[in-house]
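how does the following fold in three dimensions:
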Amino acid sequence: MQEQNRNLLLAFGLSLMVLVVWMWMFPPPEPTPREAADVAELPVAGSGEAQSMAEAEQVAADEELPRVAIQTPRLSGTINLRGGRIDDLVLLDYRQTTEPGSDNVHLLNPEGERNAFYALYGWRPGPNMDWDMVPGANTPWEVIEGSTLGVGAPVTLGWTNANGLQFTQRFVIDDNYMLTVTQGVENAGSETARMAPYGLISRHGEPDDLENFFISHEGFIQVTDGKLSEDKYKAIRDFRVHERENTNARVTEVAANGWLAIADKYWMAAIVPMPGQNFSAVQRYIPARDVYQARADLPTLVVGPGESGSVETMLFAGAKEWSVLRAYERELGIERFLDAIDWGWFFFLTKPIFATLYFIEGVIGNMGWSIIVLTLLIKAILLPLAWKSYVSMAKMKELQPEMLALKERAGDDKQKLQQEMMKLYKEKKVNPAAGCLPILLQIPIFFSLYKVIFVTIDLRHAPWFGVFNDLSAPDPTSIMNLFGLLPWAAPHPDSFLSLIFIGILPILLGVSMWLQMKLNPTPTEPIQQAVMTWMPWIFMFMLGWFASGLVLYWIANNVITFTQQYSIMAMNGSRPDLLGNIGVKKKKKT
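Next comes the predicted model:
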């Protein structure tokens with residue numbers, strides 16, 4: 001039993017060490033609000049393939065132009081005719097908080113407002129062309145088709161320059177979050193024109209609600225010919241000054257497939273050139289205006305007199321829903337679009353865990369009960385290992401008298417004792433480390449499930465029952481208000497009081513862990529005994545800050561593990577003396 005306890009302590013000690021490092025060395029800092037930039041931002045100028053890129057400084061016109069409404073079952077907003085910017089977008093299916101009457105999530109905001117975040121399309125002029133000859137960030141577009149952009153109701157904007165070049169932007173939107181933007185040009189003049197289309201996403205300053213927590217990625221995402229790159233805002237600021245861009249930038253040439261995004265934890269806006277399209281992917285930061293940009297520069301179009309040309313680009317602006325991203329990846333051929341969700345290093349676990357949880361929730365219709373069912377499924381998969389482990393523990397208990405006899409014979413000769421014990425294990429076909437394996441396997445599963453609960457929008461505001469209306473948030477109950485019986489709120493999850501006045505789920509976690517550990521006799525060594533005594537209660541207070549969905553998983557895991565260990569050991573003739581280990585009744589002498 002001493003070897004068994006040592007292995008158990010090793011596993012729990014490792015888990016505790018990881019959790020302590022996680023919670024205390026990497027605490028999520030308080031978000032630092034930033035003021036919105038007060039200078040107009042525009043795409044860099046350029047001449048396609050003939051000349052280098054340079055910054056085009058313009059000031060937005062004071063004249064206010066009309067807006068074109070956007071209305072779909074899931075989105076509401078407007079297109080600004082000044083520049084044809086998509087700069088006003090509300091997600092109708094999501095609210096800021098779980099409070100009744102909470103505002104919907106406002107994803108895109110116009111320049112000049114706090115947290116300005118928008119998309120726009122334009123052209124870079126070629127040789128013998130100036131910037132005022134192509135549409136840009138402040139071009140006054142006119143509506144030439146449609147009135148409200150909706151599903152099955154496209155909108156087309158038009159603008160003609162002084163040389164007879166007629167430009168159009170046609171917007172088509174689906175019933176989720178994808179727009180298709182067709183940039184067209186028709187040459188009614190007498191000279192050949194060369195120009196290059198682009199699409200960009202621009203964010204003025206870091207968002208106010210930036211969590212900046214290492215467990216989830218917020219910032220830039222880029223897929224270029226199968227390669228995924230994720231960069232936080234600081235990394236973009238630290239890019240070296242690029243000669244072509246004359247700003248902190250990184251330019252990546254894409255041969256066939258790719259997309260660029262600026263993403264929050266649950267939402268993102270992404271420029272997606274059509275699959276098979278080559279382009280230049282530009283990620284940059286403009287220090288003078290505190291502006292971040294992700295831009296796709298497409299190849300130059302050569303349009304002769306009487307000719308026309310066009311290019312299609314997709315724009316995703318919405319929630320990072322697993323089912324929607326997967327559908328776009330499969331149906332539209334957008335490479336690795338599902339990786340817009342930050343699956344982390346354990347993606348080989350987080351992806352199948354979430355897919356299974358998503359399927360179960362689709363059947364049950366409740367995420368809390370789905371987590372419990374998922375726990376049952378995981379424990380069923382690990383049952384062969386658990387069976388072998390607990391059978392080994394039962395055999396170890398049977399060998400305890402022989403092990404005590406070996407210790408008496410060996411005396412202080414530890415080498416001899418070790419050799420005799422290994423010989424005994426071999427003869428009885430017992431593996432003393434078998435009890436450690438199932439516990440160690442739970443560690444990556446635990447972290448993977450934590451990642452899933454923390455970063456996937458399907459867990460955001462997901463209810464269970466009663467006051468548990470957001471499984472991605474900490475337990476909303478507290479000892480302070482007698483778990484909701486008294487008429488005042490529990491301490492805020494960010495306050496120190498929440499660490500002390502914990503809720504019902506962390507308490508159940510501590511009790512279930514304590515009972516599970518009491519299936520084994522208390523070690524005789526003082527240090528081991530102290531660790532075994534305090535570990536459940538340390539975990540109880542530490543996990544009070546964790547998402548309630550994760551604590552629910554651990555409670556369910558403890559209960560199932562307790563049942564498995566008790567049943568399997570009893571079936572193998574070594575029923576655990578639970579009441580004796582707790583101290584309710586006197587233990588029998590062996």
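
quick one: the strands in the stretch 101-250 of the chain?
104-108, 117-125, 142-145, 148-149, 155-160, 165-173, 178-187, 193-204, 219-224, 227-231, 248-254 (DSSP state E, counting those that start in this stretch).

I360: neighbour count?
20 (other Cβ atoms under 10 Å). Glycine gets a C-beta too; all of them are placed from N, C-alpha and C.

got the contact list for the residue nearest to it when sequence neighbours are not counted?
Excluding the flanking residues, the one nearest I360 by Cβ to Cβ, 6 or more residues apart in numbering is S370, at 4.3 Å. If you count contacts by Cβ atoms under 8 Å, 6 or more residues apart in numbering, S370 has them with L357, I360, E361, I364.

tell me the one among those nearest to Q415.
Of all the contacts of S370, L357 has the smallest distance to Q415: 50.4 Å, by Cβ to Cβ.

residue contacts, the closest one?
Here L357 is in contact with M367, S370, I371, L374, V452 (Cβ under 8 Å, 6+ apart).

let's have the residues you listed in a markdown table, adding secondary structure.
Listed next are the contacts of L357 as a markdown table, based on DSSP: H, G, I helix; E, B strand; the rest coil:
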| residue | secondary structure |
| --- | --- |
| M367 | helix |
| S370 | helix |
| I371 | helix |
| L374 | helix |
| V452 | helix |
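
by neighbour count, which of these wins?
Going by other Cβ under 10 Å, V452 tops the contacts of L357 with 31 neighbours.

now it: how far from G258?
26 Å (Cβ to Cβ, to the nearest Å).

try Q222
7 Å.

do the same with L120
Counting by Cβ to Cβ - L120 and G258 are separated by 20 Å.

check which helix or strand K407 maps to.
Under the criterion of DSSP states H and E, K407 resides in helix 400-410.

nope, E427 is what I was after
Assessed by DSSP H and E, E427 sits inside helix 414-428.

what's in contact with that helix?
Residues from elsewhere that reach helix 414-428 (Cβ under 8 Å, 6+ apart): E3, K395, L399, E402, M403, L406, K407, R409, A410, V430, N431, P432.

tell me where the model's unsure across the stretch 451-590 of the chain.
493-494, 496-499, 521-525, 528, 581, 583-590 (pLDDT under 70).

ok, which stretches of it are helices?
Under the criterion DSSP state H, counting those that start in this stretch, helices of the stretch 451-590 of the chain are mapped to 497-500, 504-517, 526-542, 548-571, 578-582.

for the second one, name the packing helices and strands.
Okay, so that is helix 504-517. helix 526-542, helix 548-571 (3 or more Cβ pairs under 8 Å, 6 or more residues apart in numbering; DSSP states H and E).

how about the most centrally placed residue in the chain, nearest residue that isn't a chain neighbour?
In the chain, the centroid-proximal residue (Cα atoms, centre = their mean) is V455; its distance is 3.0 Å. Spatial nearest neighbour of V455, excluding adjacent residues (Cβ to Cβ, 6+ apart): S216 at 4.7 Å.

burial count for that neighbour?
Using other Cβ under 10 Å, S216 is surrounded by 19 other residues.

what's the spacing between it and L210?
Counting by Cβ to Cβ - S216 and L210 are separated by 11 Å.

again, but for A153
Between A153 and L210 the distance is 35 Å, computed by Cβ to Cβ.

for M178, state which of the contacts of helix 414-428 is nearest.
When those are compared against M178 (criterion: Cβ to Cβ), the nearest one is N431, at 54.2 Å.

do you know how far the closest residue to the closest one other than its chain neighbours is from N572?
Excluding its sequence neighbours, the residue lying closest to N431 (Cβ to Cβ, 6+ apart) is S392, at 5.4 Å. Separation of S392 from N572 (Cβ to Cβ): 10 Å.

and these two? Which one has more around it.
With neighbours defined as other Cβ under 10 Å, S392 and N572 compare such that S392 has more, 22 against 17.

if we can go back for a sec, highest mean neighbour count out of the helices and strands packed on helix 504-517?
helix 548-571 (a mean of 20; mean count of other Cβ atoms under 10 Å).

between that one and helix 526-542, how many degrees?
140 degrees (axes from the mean of the first three to the mean of the last three Cα atoms, to 10 degrees).

which strands and helices sit next to helix 548-571?
Helices and strands touching helix 548-571, by 3+ Cβ pairs under 8 Å, 6+ apart, are helix 367-381, helix 383-398, helix 437-455, helix 504-517.

so which bits of the second one are buried?
Along helix 383-398, the positions that meet the burial threshold by neighbour count (16 or more other Cβ atoms under 10 Å) are A386, K388, S389, Y390, V391, S392, M393, A394, K395, M396, K397.

now the contacts of S370 as CSV including secondary structure?
Formatted as CSV, the contacts of S370 follow (three-state DSSP):
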residue, secondary structure
L357, helix
I360, helix
E361, helix
I364, helix
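
what is the most widely separated pair among those residues?
L357 and I364, at 10.3 Å, using Cβ to Cβ across the contacts of S370.

show me what contacts T356?
L374, L377.

got the angle for the strand or helix carrying it vs helix 548-571?
Using DSSP H and E, T356 maps to helix 347-364. If you take the same axes, to 10 degrees, helix 347-364 sits at 90 degrees to helix 548-571.

tell me which residues of helix 347-364 are tucked away?
Buried, per 16+ other Cβ under 10 Å, within helix 347-364: L349, T350, K351, I353, F354, T356, L357, Y358, I360, E361.

tally of neighbours for A188?
13.

report the contact partners of the closest residue in space to it that isn't next to it in sequence.
Nearest non-adjacent residue to A188, counting by Cβ to Cβ, 6+ apart: G164, 4.0 Å away. Counting by Cβ under 8 Å, 6+ apart, G164 touches N187, A188, G189, S190.

what residues does the nearest residue to M195 once chain neighbours are set aside make contact with?
With sequence-adjacent residues excluded and distances taken as Cβ to Cβ, 6+ apart, M195 is closest to W123, at 4.6 Å. For W123, the contact set (Cβ under 8 Å, 6+ apart) comprises V134, P135, G136, F167, Q183, V185, M195, A196, P197, Y198.

neighbour-wise, give me the winner out of those.
The contacts of W123, ranked by neighbours (other Cβ under 10 Å): first place P197, 30 neighbours.

would you agree that residue is in contact with V303?
No - contact criterion Cβ atoms under 8 Å: P197 and V303 do not qualify, at 11.5 Å.

which one of the contacts of G164 is nearest I286?
Once Cβ to Cβ is applied, the member of the contacts of G164 that ends up nearest I286 is N187, at 32.6 Å.
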